[in-house]
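Visitor: structure for this input, please:
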Amino acid sequence: MDVKGNNMSEHEHDNIRKNVRGRYAEIAKTKGCCGVSCCSSSPANGADASAKLGYSAKDMQAVPDGSNMGLGCGNPHVIANLKEGEVVLDLGSGGGFDCFLAARKVGDNGKIIGIDMTPEMLSKARENAVKGNYENVEFRLGEIEYLPVADNSVDVIISNCVINLSPDKKQVFREACRVLKHGGRLAVSDVVAVKKLPDQIKKDLAAYAGCVAGAALVSEVKAMLSEAGFSEVRVEINEASREFIKDWFPGSGIESYVASAKIEAVKGEALRKPATCPPKLSERRGKPSPPL
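Guide: Numbers count the residues shown, from 1 in each chain. Next comes the predicted model:
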């Protein structure tokens, strides 16, 4: 089965989601990743992994114990440029690490919403929010292809190495466009393919859950974002990321095919023209959109 194919059945989509959910449920239960990232097989702790991804010691000390689980392939805060009072949505929020960092930047007048499809991760994130007394952070159970978030309600979307795990990235970007306000920003760290992946990797479910097999080509990412209603699309490859990516599947040479990237986009055409997003959630499902 080509798990990256565009013509997958819903059954195949579900198999991928179950595999990914199972992997991250185990990570939540063991309180962290098994290596340099959750894709690695070399022992390391969350702090070591996050330092390699561009987080500072101050960042790691500012969040509740247990929220930094070593997940990710970069640092979306570098490009998010969060401001006081903004509403921020984190796709695949895990233990809440990026949500808690974002909460410091938007302040009491801002709001952070974390979305995760793994109940075990959600429970951990909520426990961490209580420990840190984060009253402006909320975690919701849901899939990033069908966000439990109201239309036109979010200022900024962040995400760290999660969108590559989705079997339907077009739908993810359509949903991102739907929930963002006009002029809202997408600021994502993710794994992208710099050249076509070999078939044996694309067909490997373990490699999919390991942030590799689901990576889309840079040109595909740009096209999907534009089609979804985004402008000012930028994908900046982090060449240095190959140094930790090579440890994800040692000896496979995967670092020649994928790399971490900073992905940025704006909903609509620089505030001049309304974006052509998919129908509102209420129109597509025949029921009211969820509250903010």
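Visitor: and the helices in the stretch 1-150 of the chain, which stretches?
Guide: When secondary structure is read from DSSP state H, counting those that start in this stretch, the stretch 1-150 of the chain shows helices at 10-29, 46-52, 57-61, 77-80, 97-106, 119-132.
Visitor: now do the second one: which elements does it pack against?
Guide: With contacts taken as 3 or more CB pairs under 8 Å, 6 or more residues apart in numbering; DSSP states H and E, helix 46-52 sits against helix 57-61. For the C-beta atoms, the positions are set from N, CA and C on the backbone; glycine is no exception.
Visitor: could you redo the last one with a cut-off of 10 Å?
Guide: helix 57-61, helix 242-245 (3 or more CB pairs under 10 Å, 6 or more residues apart in numbering; DSSP states H and E).
Visitor: on that earlier part again, so which of the helices of the stretch 1-150 of the chain is the most surrounded?
Guide: With neighbours taken as mean count of other CB atoms under 10 Å, those reach their highest mean count in helix 97-106, at a mean of 24.
Visitor: what about Val156, distance to Ser226?
Guide: In this view, Val156 and Ser226 are 19 Å apart by CB to CB, to the nearest Å.
Visitor: same thing with Phe139?
Guide: Using CB to CB, we find Phe139 at a distance of 31 Å from Ser226.
Visitor: what of Thr30?
Guide: 40 Å.
Visitor: pretty sure Lys111 sits against Val87.
Guide: Yes. Lys111 is in contact with Val87 according to CB atoms under 10 Å; the separation is 4.8 Å.
Visitor: what about stretch 235-246, distance to the chain center?
Guide: 17 Å (CA atoms, centre = their mean, to the nearest Å).
Visitor: mind saving the C-alpha coords of that stretch as PDB?
Guide: Taking C-alpha atoms only, stretch 235-246 is exported to PDB below (Å, rounded to 0.1, in the frame of the first residue of the first chain):
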ATOM      1  CA  VAL A 235       9.000  27.000   2.600                       C
ATOM      2  CA  GLU A 236      12.500  27.300   3.900                       C
ATOM      3  CA  ILE A 237      14.600  24.200   4.200                       C
ATOM      4  CA  ASN A 238      16.800  23.700   7.300                       C
ATOM      5  CA  GLU A 239      19.800  22.000   5.800                       C
ATOM      6  CA  ALA A 240      21.300  21.400   9.200                       C
ATOM      7  CA  SER A 241      18.300  19.200  10.100                       C
ATOM      8  CA  ARG A 242      19.800  16.400   8.100                       C
ATOM      9  CA  GLU A 243      22.200  15.900  11.000                       C
ATOM     10  CA  PHE A 244      19.500  14.700  13.400                       C
ATOM     11  CA  ILE A 245      17.200  13.200  10.700                       C
ATOM     12  CA  LYS A 246      19.900  10.700   9.700                       C
END
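Visitor: report the buried residues of that stretch.
Guide: Judged by neighbour count (16 or more other CB atoms under 10 Å), stretch 235-246 contains these buried residues: Val235, Asn238, Ser241, Arg242, Phe244, Ile245, Lys246.
Visitor: hang on, the earlier thing: can you list the helices of the stretch 1-150 of the chain in a markdown table and add mean pLDDT?
Guide: Below are these laid out as a markdown table (pLDDT from 0 to 100):
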| stretch | mean pLDDT |
| --- | --- |
| helix 10-29 | 71 |
| helix 46-52 | 72 |
| helix 57-61 | 89 |
| helix 77-80 | 96 |
| helix 97-106 | 97 |
| helix 119-132 | 94 |
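Visitor: select, out of those helices, the one closest to Ile163.
Guide: helix 10-29 (11.9 Å; CB to CB).
Visitor: just give the closest residue to Arg178, not the sequence neighbours.
Guide: Cys277 (5.1 Å; CB to CB, 6 or more residues apart in numbering).
Visitor: check the gap between that neighbour and Asp151 for me.
Guide: Taking CB to CB as the measure, Cys277 falls 8 Å from Asp151.
Visitor: more crowded one of these two?
Guide: Cys277 (22 against 18; other CB atoms under 10 Å).
Visitor: where does the stretch 151-292 of the chain dip in pLDDT?
Guide: Scanning the stretch 151-292 of the chain with the threshold set as pLDDT under 70 gives 203-210, 270-276, 278-292.
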